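Enquirer: Could you work out the structure for the sequence below:
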Amino acid sequence: VRSMNISDAVAERLNSLCEERGITINRLATLSAVTQSTVSDFMRGNTQNIGIITLKKLIDGLDLSITEFFDTETFRSLEQEIQ
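Expert: Coordinates of the predicted model:
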């Protein structure tokens, strides 16, 4: 079992926040002014790096601060990416 990386954790967090709010990932893309293909590719794991500016737009679209987005046990317990 491989451990979760930052990309997996971000995708999981975006999914759960959309579920909580009753919106689709595509609706989040629209709210955030990010192309649906960019968000879909990231959420499917077709690309690992969503980019910090794109992520900030998505977090803004969810009406959260960056701190609120990352303030979860999942992010606190991530292992270092550098091995």
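Enquirer: average pLDDT across stretch 34-52?
Expert: For stretch 34-52, mean pLDDT is 93.
Enquirer: Count residues in the vicinity of Asp41, would you?
Expert: Other residues near Asp41 come to 14 when the count uses other CB atoms under 10 Å. Glycine gets a C-beta too; all of them are placed from N, C-alpha and C.
Enquirer: helix, strand or coil for it?
Expert: Counting by DSSP: H, G, I helix; E, B strand; the rest coil, the backbone at Asp41 sits in helix.
Enquirer: Touching, it and Gln48? I think so.
Expert: No - Asp41 is not in contact with Gln48 according to CB atoms under 8 Å; the separation is 9.9 Å.
Enquirer: For the lengthiest helix in the chain, buried residues please.
Expert: In the chain, taking DSSP state H as the definition, the longest helix is helix 6-21. Within helix 6-21, the residues that count as buried by 16 or more other CB atoms under 10 Å are Ile6, Ala9, Val10, Ala11, Arg13, Leu14, Leu17, Cys18.
Enquirer: Would you reformat these as TSV and include distance to Arg27 and pLDDT?
Expert: Written out in TSV, the entries for these read as follows (distance: CB to CB, whole Å; pLDDT from 0 to 100):
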residue	distance to Arg27	pLDDT
Ile6	24	92
Ala9	22	94
Val10	18	96
Ala11	16	96
Arg13	16	97
Leu14	12	97
Leu17	12	97
Cys18	8	97
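Enquirer: hang on, the earlier thing: downstream of the longest helix of the chain, the next helix or strand is which one?
Expert: Stepping forward along the backbone from helix 6-21, the first helix or strand reached (DSSP states H and E) is helix 25-32.
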